[in-house]
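Trainee: quick one: sequence and predicted model below, then my questions.
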Amino acid sequence: MNITKEQIDELNAVVKVAISKEDYQEQVDKILRDYRKQANIPGFRKGQVPIGLIKKQYGKAVLVDEVNKLLQDNLNKYLTEEKLDVLGNPLPKQQDNFDWDEEVLDFEFELGLAPDFEVKLKSKKAVTQYKIVADKKMIEEQVERIQKQYGKLVSKTEVGPTDEVTGVFKNEDEAIENKTTIELDKIKSKKALNALRGKKVGETVSLNTKGLFKEDYLLTSALGIDKDKAEKLNVEVTFSVEEINERQAAALDQELFDKLFGPESVKSEQELKDRIKEDSEKQFEQQADQKLLNDITEKLIEDTKFNLPAAFLTKWIQVSGENPLTDDQAKEEYEKSEKGLRYQLIEGKIIKENDLQVQMDELKEFAKGFIKSQMAQYGHLDPKEEELDNVAHRVLGNQDEVKRLSEQLMSQKLLKLFKEKANLKVKEVSYDNFIKEVYG
């Protein structure tokens with residue numbers, strides 16, 4: 001077997017493979033002899049079928065199969081030994097009137113080669129690194145929510161301005177009949193608020209659905225209808241009052257602090273606010289980090305210039321899927337995937353140049369941390385190390401989970417590298433201002 005490479009340009013090459021009979025004949029003959037032993041052909045005893053008949057029936061199929069195996073194995077070996085960084089997979093060139101009876105079988109494969117380029121992590125223009133802080137207003141609102149959540153309900157005889165009212169919404173034409181509890185401080189319509197205030201158990205009011213609540217999603221649950229219907233609804237509904245309660249805020253005392261954080265972890269209102277600030281900013285950090293990772297990704301793609309073997313990749317996309325694509329479909333798919341491919345190459349170069357690796361022991365610790373946070377969401381705050389080890393072992397036995405967790409861990413390593421080496425400018429913002437700046 002002889003394999004040679006013809007360089008077309010920096011990004012394209014053709015590999016030529018010449019396979020002679022000596023490369024495959026012995027294996028083909030062995031397989032045919034095995035076929036002969038097992039063949040059941042009318043008129044011949046098992047194992048006594050003439051080899052010529054076996055060759056006539058199966059010879060060409062076995063030949064093609066063995067040659068294809070040789071091609072695949074040796075082509076992959078050649079690419080590895082020559083350290084050719086190829087994109088996609090080698091594409092066999094179309095050969096009309098190919099003769100499988102030739103002494104030497106010649107094949108050609110098109111290659112798309114990865115470009116050579118340089119990645120500069122420190123860009124001329126600084127990338128904004130957001131530091132989201134929990135401001136006084138947010139902390140006070142969170143304290144109020146906690147007091148409300150852990151407060152107690154006190155029954156009342158008539159509806160006040162901030163009460164919770166349980167009742168039934170009805171509209172026969174719209175097939176609405178739903179029992180629910182509404183909080184008056186979440187109602188937007190002044191007309192509806194005036195109609196509800198002062199009402200007693202057993203009384204009924206008429207309310208318009210348009211602009212009834214401050215948040216549109218509340219109408220969906222209040223009326224027991226789907227989102228699409230709620231968005232278009234503009235009708236009168238009746239609301240029959242069945243129960244009125246005032247939610248009295250919980251006292252900011254040690255009993256509440258212990259309930260929230262465990263015994264003696266927080267001992268004062270100020271410590272509660274400090275804890276809220278700390279926990280909130282930890283959660284915000286994840287959002288800020290994701291924003292930073294996205295922005296640096298975009299900046300690297302923008303600043304790192306190189307060409308791709310576009311014609312080859314378009315052709316490869318056209319034929320590599322389950323169903324072949326038209327020229328236009330393949331071109332469209334390439335245009336959609338080009339940006340992702342560019343970053344994949346950039347990221348690969350960064351990982352290689354900075355020797356970023358995911359070791360199995362650190363992957364296990366990363367998995368245990370992920371599992372622990374999942375358990376905490378369900379109230380299991382202090383799992384034993386043995387329990388974490390057992391769950392991690394099961395998780396890492398699933399290759400899809402290994403791939404997913406490895407990608408997440410590598411993203412963390414890349415983020416750490418970017419924070420150390422990229423040109424960043426830190427900007428402190430409140431959460432509300434972060435949302436406005438990032439999402440408009």
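Mentor: Right, received. Where do you want to start? Note that the structure is a prediction, hence the values are computed from the model and not measured.

Trainee: please, where are all the helices along the protein?
Mentor: 21-38, 51-81, 136-149, 190-196, 217-223, 227-232, 254-261, 269-303, 310-320, 327-353, 360-377, 385-395, 399-421, 431-439 (DSSP state H).

Trainee: what is the first one packed up against?
Mentor: With contacts taken as 3 or more Cβ pairs under 8 Å, 6 or more residues apart in numbering; DSSP states H and E, helix 21-38 sits against helix 51-81. Every residue, glycine included, has its C-beta placed from N, CA and C.

Trainee: could you dump the helices of the chain to TSV with distance to V165, mean neighbour count and mean pLDDT?
Mentor: Below are the helices of the chain laid out as TSV (distance: least, Cβ to Cβ, whole Å; neighbours: other Cβ atoms under 10 Å; pLDDT from 0 to 100):
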stretch	distance to V165	mean neighbour count	mean pLDDT
helix 21-38	82	14	91
helix 51-81	71	15	93
helix 136-149	16	14	92
helix 190-196	7	15	94
helix 217-223	11	18	93
helix 227-232	20	12	90
helix 254-261	26	15	90
helix 269-303	30	15	94
helix 310-320	60	17	95
helix 327-353	52	14	96
helix 360-377	32	14	89
helix 385-395	45	14	91
helix 399-421	45	14	95
helix 431-439	30	14	91
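
Trainee: looking at those, which is closest to V127?
Mentor: Of all these, helix 269-303 sits nearest to V127, with 5.2 Å by Cβ to Cβ.

Trainee: helices and strands around that closest one, which ones?
Mentor: Using 3+ Cβ pairs under 8 Å, 6+ apart, the elements in contact with helix 269-303 are strand 127-133, helix 136-149, helix 254-261, helix 327-353, helix 399-421, helix 431-439.

Trainee: the closest residue in space to K315 that isn't next to it in sequence and K384: what is the separation?
Mentor: Leaving out its chain neighbours, the residue that sits closest to K315 by Cβ to Cβ, 6 or more residues apart in numbering is L91, at 6.3 Å. Distance, L91 to K384, using Cβ to Cβ, to the nearest Å: 54 Å.

Trainee: and what of G440?
Mentor: Computed as Cβ to Cβ, the G440 to K384 distance reads 46 Å.

Trainee: please apply the same query to E26.
Mentor: Distance from E26 to K384, by Cβ to Cβ: 61 Å.

Trainee: turn the helices of the chain into TSV, including distance to K210.
Mentor: Converted to TSV, those look like this (distance: least, Cβ to Cβ, whole Å):
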stretch	distance to K210
helix 21-38	78
helix 51-81	66
helix 136-149	28
helix 190-196	10
helix 217-223	9
helix 227-232	10
helix 254-261	39
helix 269-303	34
helix 310-320	50
helix 327-353	41
helix 360-377	37
helix 385-395	49
helix 399-421	45
helix 431-439	27
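
Trainee: and Y130, which of the ones you listed is closest to it?
Mentor: Y130 lies closest, by Cβ to Cβ, to one member of the helices of the chain: helix 269-303, at 4.4 Å.

Trainee: what pairs with the longest strand seen in the chain, and is each one parallel or antiparallel?
Mentor: Determined from DSSP state E, the single longest strand within the chain is strand 236-248. Paired neighbours of strand 236-248 in the sheet (DSSP bridges): strand 152-155 (antiparallel), strand 164-171 (antiparallel), strand 204-208 (antiparallel).

Trainee: turn the ones you listed into CSV, including distance to I317 and mean pLDDT.
Mentor: Below are these laid out as CSV (distance: least, Cβ to Cβ, whole Å; pLDDT from 0 to 100):
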stretch, distance to I317, mean pLDDT
strand 152-155, 62, 92
strand 164-171, 54, 96
strand 204-208, 54, 95
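
Trainee: could those strands go into JSON lines alongside mean neighbour count and distance to D226?
Mentor: As requested, these are exported to JSON lines (neighbours: other Cβ atoms under 10 Å; distance: least, Cβ to Cβ, whole Å):
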{"stretch": "strand 152-155", "mean neighbour count": "11", "distance to D226": "30"}
{"stretch": "strand 164-171", "mean neighbour count": "19", "distance to D226": "15"}
{"stretch": "strand 204-208", "mean neighbour count": "15", "distance to D226": "19"}
